[in-house]
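K.L.:
the following comprises the amino acid sequence and a computationally predicted model.
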Amino acid sequence: MSAAVSAELLDRFTAIVGEKHALRSEADLAPHLIENRGLYHGSSPLLLKPGNVEEVSAIMKLASETGTAVVPQTGNTGLVGGQTPREGKSDIIISLERMNRIRDVDPVANILVADGGAILAEVQKAAEAHGRLFPLSLGSEGSCRIGGNLSTNAGGTAVLAYGNMRQLCLGLEVVLPTGEIWDGLRRLKKDNTGYDLRDLFIGAEGTLGIITGAVLKLFPQPLGRQVAFAGLKSPEDALAFFNLAGSLCGTSLTGFELMPRFGVEITSKHIEGVRDPLESPHPWYVLIDISTSDSAETAERMMNALLEKGFEEGLVQDATIAASVAQQQALWHMRESMSDAQKPEGGSIKHDVSVPVSRIPHFMAEAAEAVMAAMPGARICAFGHMGDGNIHYNISQPVGADKAAFIGRWREMNKIVHGLVRAHGGSISAEHGIGQLKRDELASIRSEIEMDLMHRIKRAFDPAAIMNPGKVISLD
């Protein structure tokens, strides 16, 4: 798989999709050879854009026959290099951007069937057009695609109420490394007939097959929604406030996001249209989202009662409630832009981790102490989905520091943060996946039997090791 692919073989692959849908020039390939943060640069002689599952199947049959490595790519928004071809190799990229259809929407059964290349925002719109909600929401929803969302088991901001992609999917259509097509587009919520093959492909990051279609769960559109932004003293107070919100709001609590002062400052500074929602600064903030099935009045009463109780118990220092849909969107825009706001501040070392919700304050305190001891002047931007324990523990370089030297300490900072995550019974990858970035670390956090089982599954599905090689686990 390291040898160059012959021109004759490239022509055979191209013939499957047609010259119009095959990219070979350096300029055309360039955007597909680098991941979002620039951590990985790959190489490829060819990118193919199949238009249907039969063409994907034909590509994989030829790849299997010739031992050609392939890399599935959807929106190219991944953050661990799972969608990036290997450097110095001849991996062929398979892009699903043409396979972007919404195949069916069944509002009675609350089901939507989509191609693997369907853009997440278009799926949301299709559901809304039928009075339904597809709840997955990500900052990249305008460009990320369903196949990639499933392959990374994406979570987003609504996991608290609706779960991640594994919980939002009923069935899959998958092209295997051999080119065989598994039609598992079942619309059943209850089906206990043998092994659940669907769950093997969700979260596999394209290492077992290419997801070309999916049956997704829909939900009734909430009739009432209210969003508020509150300032607090500490993560301990945020945890107490979250417990209070769960008690008072129950399943109507659909979002509870934790943010530090530094994150609000840089987002207000660098992101157009974002401003600090409160008059005075506070060390920490939470964004609360309440959705109700009956009316806007119910959501408003619930939010007012929650904030009133939060003030009474000394947990909330100040708060504002969105007075319009535009203000609701503005508050969420701040949260979703927080990662991008770090770019103008220089280098950023990022961690997508999760710990048990009750351990978040302890983890935050210990991690801050350890990081600052190792790197005085570092600026910590730890934010995320407090309701499900997922914290994006990002570290911005000290003011005036050399960016390259700072990024060069990535592994060192990983070791510190991930060590504390493991000590608290957490995970080093909450929703971004393993890809290339965390592949070598995976074996250190999983038991020997777990790694052996993963290798057995990989060999069973992909004995020639042509399916997204070098990602998640290695058969070398």
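P.N.:
Right, received. Where do you want to start? Numbering: from 1, shown residues only.
K.L.:
how about the strands of the stretch 301-450 of the chain, start to end?
P.N.:
Under the criterion DSSP state E, counting those that start in this stretch, the stretch 301-450 of the chain contains strands at 318-321, 348-349, 352-354, 379-385, 390-396.
K.L.:
who does the shortest one touch, helix- and strand-wise?
P.N.:
The reference is to strand 348-349. The helices and strands touching strand 348-349, judged by 3 or more C-beta pairs under 8 Å, 6 or more residues apart in numbering; DSSP states H and E, are strand 390-396, helix 410-423. In this view, the C-beta of every residue, glycine as well, is placed from N, C-alpha and C.
K.L.:
okay, those, which one's buried deepest?
P.N.:
Among the helices and strands packed on strand 348-349, strand 390-396 has the highest mean neighbour count (mean count of other C-beta atoms under 10 Å), at a mean of 24.
K.L.:
still on that earlier bit, now the helices and strands packed on strand 348-349 in TSV, with mean pLDDT and distance to Asn164?
P.N.:
Putting the helices and strands packed on strand 348-349 into TSV (pLDDT from 0 to 100; distance: least, C-beta to C-beta, whole Å) gives the following:
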stretch	mean pLDDT	distance to Asn164
strand 390-396	97	10
helix 410-423	95	18
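K.L.:
mind putting those in CSV, distance to Ala370 included?
P.N.:
Output for the helices and strands packed on strand 348-349, formatted as CSV (distance: least, C-beta to C-beta, whole Å):
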stretch, distance to Ala370
strand 390-396, 11
helix 410-423, 5
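K.L.:
just the terminal-to-terminal distance for stretch 33-42.
P.N.:
Separation of the first and last residues of stretch 33-42 by C-alpha to C-alpha, to the nearest Å is 5 Å.
K.L.:
residues contacting Ile457?
P.N.:
Going by C-beta atoms under 8 Å, 6 or more residues apart in numbering, Ile457 touches Leu200, Leu208.
K.L.:
tell me which element it is part of?
P.N.:
helix 448-461 (DSSP states H and E).
K.L.:
helices and strands around the longest helix seen in the chain, which ones?
P.N.:
Taking DSSP state H as the criterion, the chain has its longest helix at helix 296-312. Under the contact criterion of 3+ C-beta pairs under 8 Å, 6+ apart, helix 296-312 touches strand 224-232, helix 235-249, strand 284-292, strand 318-321.
K.L.:
may I see the buried residues of the helix or strand bottoming out on mean pLDDT in the chain?
P.N.:
When each helix and strand of the chain is scored by mean pLDDT, DSSP states H and E, helix 439-445 comes last, with a mean of 88. Across helix 439-445, burial judged by 16 or more other C-beta atoms under 10 Å covers Arg439, Glu441, Leu442, Ile445.
K.L.:
related to what we said a few turns ago, CA atoms only: put the longest helix of the chain into PDB for me.
P.N.:
Provided in PDB are the C-alpha atoms of helix 296-312 (Å, rounded to 0.1, in the frame of the first residue of the first chain):
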ATOM      1  CA  ALA A 296     -43.600  29.000  25.100                       C
ATOM      2  CA  GLU A 297     -45.200  30.100  28.400                       C
ATOM      3  CA  THR A 298     -44.300  26.800  30.100                       C
ATOM      4  CA  ALA A 299     -40.700  27.200  29.000                       C
ATOM      5  CA  GLU A 300     -40.600  30.700  30.200                       C
ATOM      6  CA  ARG A 301     -42.100  29.900  33.600                       C
ATOM      7  CA  MET A 302     -39.700  27.000  34.000                       C
ATOM      8  CA  MET A 303     -36.600  29.100  33.200                       C
ATOM      9  CA  ASN A 304     -37.800  31.900  35.500                       C
ATOM     10  CA  ALA A 305     -38.300  29.400  38.400                       C
ATOM     11  CA  LEU A 306     -34.900  27.900  37.800                       C
ATOM     12  CA  LEU A 307     -33.000  31.200  37.800                       C
ATOM     13  CA  GLU A 308     -35.000  32.400  40.800                       C
ATOM     14  CA  LYS A 309     -34.000  29.300  42.800                       C
ATOM     15  CA  GLY A 310     -30.400  29.600  41.600                       C
ATOM     16  CA  PHE A 311     -30.300  33.200  42.900                       C
ATOM     17  CA  GLU A 312     -31.900  32.200  46.200                       C
END
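K.L.:
what does that helix contact?
P.N.:
Residues contacting helix 296-312 (C-beta under 8 Å, 6+ apart): 222-226, 228, 230, 241, 244-245, 248-249, 252, 288, 290-292, 316, 319, 321.
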